[in-house]
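1. The sequence isn't on hand, but the structure is:
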Ligand code: KG4
Ligand code: ZN
């Protein structure tokens, strides 16, 4: 049995968690920087790093307290090694390496997307391997076949904007704050179905790739061609959400068809979208199979998924003892297969 401290600091959230291989998740906490970056309309990397510096140690202390543990109980420290903002990643990695050095325990550099991919295993019921995962975050849109921990096959991905980016950019064009995904979904609730119809790029491309940049241009055109009163903005938001969700649902079903698998797992921030969830439930209900969502708090960035992925990796291969601050701001998930 091992106790793993997890540190997530790849972007604009400081997430800390303690995962025990026998008792499960003991405690976790999160500090979001959304309010800090709000006025800039996007994440400012330098501000993000400084804020991580401010919060990482107090949050570690609070998680220890909540779990009734001390640093001396920790067997390994997992941190997000990449991909992400280099300065932000460096905060988590330097704290992880310094703490691990003083405690004489190994570190585990976790791939942020592996954290998202495995996060549904933290929820009950959890999927069983193999499954198809739709990874939809602010930076990534990928369909993966997951055969086990560390055994991932990319089935398709976005050739341009990520789904979360499409939500965020459309939201920005409609005058909403950053990140606008959830705000756009809220606005879309009062939208008139069918007033506007937006393109579904690559819906019938025959492969499992996505493209969302045309959608942003189409939203821009609509905002320029129409009076942007409250109702029209809601109608455009409605059309944008319908288009994004439609493509995500259709490609996810094709991925199940192509792989012959029956379990679909949704991971990443866009997985919090209620329309996506209800459409997927409906489609899977008709087709047969099962769809799994991480609990909402584990959909967006969090420390629990990093502690958990670290725990899984520690069971497969030893952590490292060299304590070098080796972050990977760009890191292809395909480099990660380590179970073969
Ligand atoms: O996984 P995540 O927290 O961070 C990244 O690693 O990117 O995902 C953040 C993304 C943002 O683009 C945000 O707008 C989107 O997830 N998002 C949503 C919703 N909640 C968060 N998009 C649509 N509907 C939502 N309810
Ligand atoms: Zn993420």
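-> Thanks, I have the structure now. Since this is a predicted model, take the numbers as computed values, not measurements. Ligands and ions are numbered 1, 2, ... in the order given.
2. any idea how far ligand 2 is from whichever residue of the stretch 1-150 of the chain sits closest to ligand 1?
-> Using C-beta to the nearest ligand atom, the closest approach of the stretch 1-150 of the chain to ligand 1 is made by residue 138 at 2.8 Å. C-beta here means a position set from N, CA and C on the backbone, and glycine is covered the same way. According to C-beta to the ion, to the nearest Å, residue 138 stands 7 Å off from ligand 2.
3. Could you look up the SS state of that residue?
-> When classified by DSSP: H, G, I helix; E, B strand; the rest coil, residue 138 comes out as coil.
4. So for the spatially closest residue to it that is not a sequence neighbour, what's the pLDDT?
-> Nearest residue to residue 138 in three dimensions, chain neighbours excluded: residue 164, at 3.7 Å (C-beta to C-beta, 6 or more residues apart in numbering). For residue 164, the pLDDT comes out at 96.
5. And for residue 218, the neighbour number?
-> When neighbours are defined as other C-beta atoms under 10 Å, residue 218 has 20 of them.
6. so who does it touch?
-> Applying C-beta atoms under 8 Å, 6 or more residues apart in numbering, we find residue 218 in contact with 198-199.
7. so how far is residue 217 from the residue of the chain most remote from its centre?
-> In terms of distance from the mean C-alpha position of the chain, residue 227 ranks first, at 34.9 Å (C-alpha atoms, centre = their mean). Going from residue 227 to residue 217 by C-beta to C-beta, to the nearest Å gives 20 Å.
8. what residues does stretch 52-64 touch?
-> Outside stretch 52-64, the residues that touch it by C-beta under 8 Å, 6+ apart are 5, 7, 9, 14, 16-18, 27-29, 31, 70-71, 88, 91-92, 95, 99, 303.
9. in that stretch, what counts as buried?
-> 52-53, 55-56, 59-60, 63-64 (16 or more other C-beta atoms under 10 Å).
10. quick one: residue 68 and residue 27, what's the gap?
-> According to C-beta to C-beta, residue 68 and residue 27 sit 9 Å apart.
11. near ligand 2, which residues of the stretch 1-150 of the chain?
-> Neighbours of ligand 2 within the stretch 1-150 of the chain, by C-beta under 5 Å from the ion: residue 137.
12. all helices for the stretch 1-150 of the chain, in order.
-> Per DSSP state H, counting those that start in this stretch, the stretch 1-150 of the chain carries helices over the ranges 34-38, 45-67, 86-103, 112-118.
13. Could I get the average pLDDT for the helix or strand hosting residue 297?
-> Using DSSP states H and E, residue 297 maps to helix 296-299. On average, the pLDDT along helix 296-299 is 88.
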